[in-house]
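**Q** sequence first, then the predicted structure:
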Amino acid sequence: MLKHFSFWMSLAGILLAAIAAASCGASYAAGGTNVSKIDELALIQLKSIIAYYDAPGHGFVDPSLSNASAQLLTDLVASYRYPFTDPVPVDYSGDGASIGKWIDSFVDLESSDISRLRVPKALSALIKSTGHRYGIVLHANGYIESMETYNQEKLAEFVDYAVSKVFNLTKTYSAHEQAANALYTAVVDAETGSVVYFNSILSNADFPLDRGDVGKQMNKLLRKFNK
């Protein structure tokens, strides 16, 4: 259990460092494949990691916030005319663990690394099972940091409030609250087992559960697929 906790917190720490160091993320496009011309891509079930820091240097990945983020991304995708299928279910804690681990690695990628990414065989097989050659992965990795120390009761109230705000257009900010969010997407060619397109948006000004903030990020992230 401790090992699992340390793994997720190391991912959150990487995100903090990445967002602090850059305002734009890694991108890549393989020669010979124009992803904007693909008629339809198999959309893999969206995956999010949202950490909550209740004190400087102390935090944890919160399942409620992570699930709310994934649901928000799913809702935003459905709101636009993207050439994607309905989300293809993945059990990231079971048979799809290798896919989940691969997606988690996005946060640490440089543009020069992407062409060498080895796509998990399980992901290629999942895309092929939908009858499509190409699939698209979407991932959010963010955090909410409070400058105040919350007890468990206060934190529970905050989580409920944050989740309730997912589908609202506005978010009330506090001087005692900081947040950041990063979005990643990868298009996979299931026949060759390779990534043919990758894009990411990093921001230390956007709130992971604010529909307006994340919607603007999504428009930039998926600009090649806007119809």
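**A** All right, it came through fine. Numbers count the residues shown, from 1 in each chain.
**Q** just the strands in the chain please.
**A** 27-29, 42-43, 47-55, 58-61, 134-146, 177-189, 194-203 (DSSP state E).
**Q** distance to Asp91 and mean neighbour count added to those strands, as JSON lines?
**A** All C-beta spots, glycine's among them, are computed from the backbone N, C-alpha and C. Output for these, formatted as JSON lines (distance: least, C-beta to C-beta, whole Å; neighbours: other C-beta atoms under 10 Å):
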{"stretch": "strand 27-29", "distance to Asp91": "28", "mean neighbour count": "17"}
{"stretch": "strand 42-43", "distance to Asp91": "16", "mean neighbour count": "22"}
{"stretch": "strand 47-55", "distance to Asp91": "11", "mean neighbour count": "22"}
{"stretch": "strand 58-61", "distance to Asp91": "18", "mean neighbour count": "16"}
{"stretch": "strand 134-146", "distance to Asp91": "15", "mean neighbour count": "24"}
{"stretch": "strand 177-189", "distance to Asp91": "18", "mean neighbour count": "23"}
{"stretch": "strand 194-203", "distance to Asp91": "22", "mean neighbour count": "22"}
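**Q** Leu123 is nearest to which of these?
**A** strand 177-189 (6.2 Å; C-beta to C-beta).
**Q** report all helices and strands that the closest one contacts.
**A** Strand 177-189 is packed against helix 2-21, helix 121-129, strand 134-146, strand 194-203, helix 211-221, with contacts defined by 3 or more C-beta pairs under 8 Å, 6 or more residues apart in numbering; DSSP states H and E.
**Q** mean pLDDT for the ones you listed: which is lowest?
**A** Comparing mean pLDDT across the helices and strands packed on strand 177-189, the weakest is helix 2-21, with a mean of 44.
**Q** and Ser69, which of the strands of the chain is closest to it?
**A** Among those, the nearest to Ser69 by C-beta to C-beta is strand 47-55 (3.7 Å).
**Q** give the partner strands of the closest one in its sheet and their orientations.
**A** strand 58-61 (antiparallel), strand 134-146 (parallel) (DSSP bridges).
**Q** dump the residue contacts of Asp95.
**A** When contacts are counted by C-beta atoms under 8 Å, 6 or more residues apart in numbering, Asp95 touches Ala122.
**Q** what do you get for Leu123?
**A** So Leu123 contacts 44, 98-99, 102, 135, 137, 188, 190 (C-beta under 8 Å, 6+ apart).
**Q** so can I have TSV of those showing distance to Thr33?
**A** TSV is the format used below for these (distance: C-beta to C-beta, whole Å):
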residue	distance to Thr33
Ile44	18
Ser98	24
Ile99	21
Trp102	20
Gly135	13
Val137	16
Val188	11
Ala190	13
